[in-house]
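**Q** I would like to see how this sequence folds:
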Amino acid sequence: MRAAVIGAASIDRYLILDSFPERDSMVFAKGTHNFIGGSGANIALNLSKYVETDFYFGTGNDLTSEWILKRLSSSELNLSYKIEDGPGAETIVMLDSHGERRIISLGGHALFSGVIDEKRYDAICVADCFKEVAVDAFRKASESLKVYVPGGCGLYFGVDAVIEVSCLSDFTILSEGEAQTIQDRISEITSNVIITRGSSETLWIDGNKSRRSFEVENTGGKLADTTGAGDAFAAGFIEKFMKCGDPVQSIYHAHRKAAEVISVIGPNLVEGRKDLR
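**A** Next up, the predicted model:
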């Protein structure tokens, strides 16, 4: 089986703290770690543990971009990328001892601006993406499982764009916050919508607007870092659905993958485990 992921790649620069500073005060970092991040990269890396995965992304031409390309080139991903004149993408993630976080994006080039290869994919996932690229990819992939994970990037381009791309997908995966932003316009999405809600029940709204809830199992594991939980859910859902075609089994499998990633520091199941052994 083969999957394609279209999304962003960045450096996630972690600052590990005991607690966040109060106003007009200072704290010392306990440690720092650099990971590959970006929703697209996280999903692609997680998927690559189980299926052959092509990753389409963008980057710049500075030292940050060189680091991103070198790190991704050492993974099991098949890479297809566009280089723009300017910096690669960077994100600061401040993480305290309770797993709480603060995230600051420094911007930079990260999105794919080309055309995906004419290959037969069993699944195509569109994460961080320009609308035109997403629409083109989904319209060409009539026989593939099509999963859309708009995230904050998709909402940045506007709710109209999210609705248009969602209607071309088989499944759109939203966080609870993203669903609240879209609000009543979710009813305009003609395909399946899955809404993740942290430790609360996951909601599935099918194409007939029927609703079903799925309890999130309590694994009893320690919460280390919630960064990338939604990306791990998406990768787990795609991985399982490619094998069985059953949304119910796929949602429960996705819960388990999300539980894995929040038990370690790092935004995905490949980089996090490798760097903090």
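
**Q** all strands of the stretch 1-150 of the chain, in order?
**A** Taking DSSP state E, counting those that start in this stretch, the strands of the stretch 1-150 of the chain run over residues 2-6, 10-16, 31-37, 52-59, 78-83, 89-95, 101-105, 123-126, 145-148.

**Q** Please identify the deepest-packed of the ones you listed.
**A** strand 123-126 (a mean of 29; mean count of other C-beta atoms under 10 Å). Heads up, the C-betas are built off the backbone N, CA and C, glycines and all.

**Q** Just checking: what are the partner strands of that one?
**A** strand 2-6 (parallel), strand 145-148 (parallel) (DSSP bridges).

**Q** Can you list the buried residues in stretch 164-173?
**A** For stretch 164-173, a neighbour-count test (16 or more other C-beta atoms under 10 Å) marks Val165, Ser166, Leu168, Ser169, Asp170, Phe171, Thr172, Ile173 as buried.

**Q** what's the closest non-adjacent residue to the third one?
**A** Setting aside the residues directly before and after it, Leu168 is nearest to Phe138 in space (C-beta to C-beta, 6 or more residues apart in numbering), at 4.0 Å.

**Q** Check the gap between that neighbour and Ser80 for me.
**A** Distance, Phe138 to Ser80, by C-beta to C-beta, to the nearest Å: 17 Å.

**Q** before we move on, what about Gly207?
**A** Here the distance between Gly207 and Ser80 works out to 31 Å (C-beta to C-beta).

**Q** repeat for Leu17
**A** Noted for Leu17: a distance of 37 Å to Ser80, by C-beta to C-beta.

**Q** tell me the pLDDT at the closest residue to Asp85 other than its chain neighbours?
**A** Excluding the flanking residues, the one nearest Asp85 by C-beta to C-beta, 6+ apart is Asn61, at 5.9 Å. Asn61 is assigned a pLDDT of 97 by the prediction.

**Q** Quickly note the distance from Asn61 to Tyr14.
**A** Counting by C-beta to C-beta, the gap from Asn61 to Tyr14 is 25 Å.

**Q** And for Ile116?
**A** Distance of Ile116 to Tyr14, computed by C-beta to C-beta: 31 Å.

**Q** Please apply the same query to Cys153.
**A** Distance of Cys153 to Tyr14, given as C-beta to C-beta: 21 Å.

**Q** can you check Thr64 too?
**A** Here the criterion is C-beta to C-beta. By it, Thr64 lies 15 Å from Tyr14.

**Q** what's around the closest residue to Ile116 other than its chain neighbours, how many residues?
**A** Of all residues not flanking Ile116 in the chain, Ala137 sits nearest, at 5.2 Å (C-beta to C-beta, 6+ apart). Neighbourhood size, Ala137 [other C-beta atoms under 10 Å]: 24.

**Q** Ala254 too?
**A** Ala254 is flanked by 27 other residues according to other C-beta under 10 Å.

**Q** Buried residues, the helix or strand hosting it. List them.
**A** Ala254 is part of helix 247-261, with elements assigned from DSSP states H and E. Judged by neighbour count using 16+ other C-beta under 10 Å, the buried positions of helix 247-261 are Pro247, Ser250, Ile251, Tyr252, His253, Ala254, His255, Lys257, Ala258, Ala259, Glu260, Val261.

**Q** Okay, Phe20 and Ser199: tell me how far apart.
**A** For Phe20, the distance to Ser199 (C-beta to C-beta) stands at 22 Å.

**Q** Then Ser191?
**A** Taken as C-beta to C-beta, the span from Ser191 to Ser199 is 26 Å.

**Q** what about those two, which has more around it?
**A** Set Ser191 next to Ser199 and count neighbours by other C-beta under 10 Å: Ser191 wins out with 16 against 12.

**Q** quick one: pLDDT of the more buried one?
**A** What the model reports for Ser191 is a pLDDT of 94.
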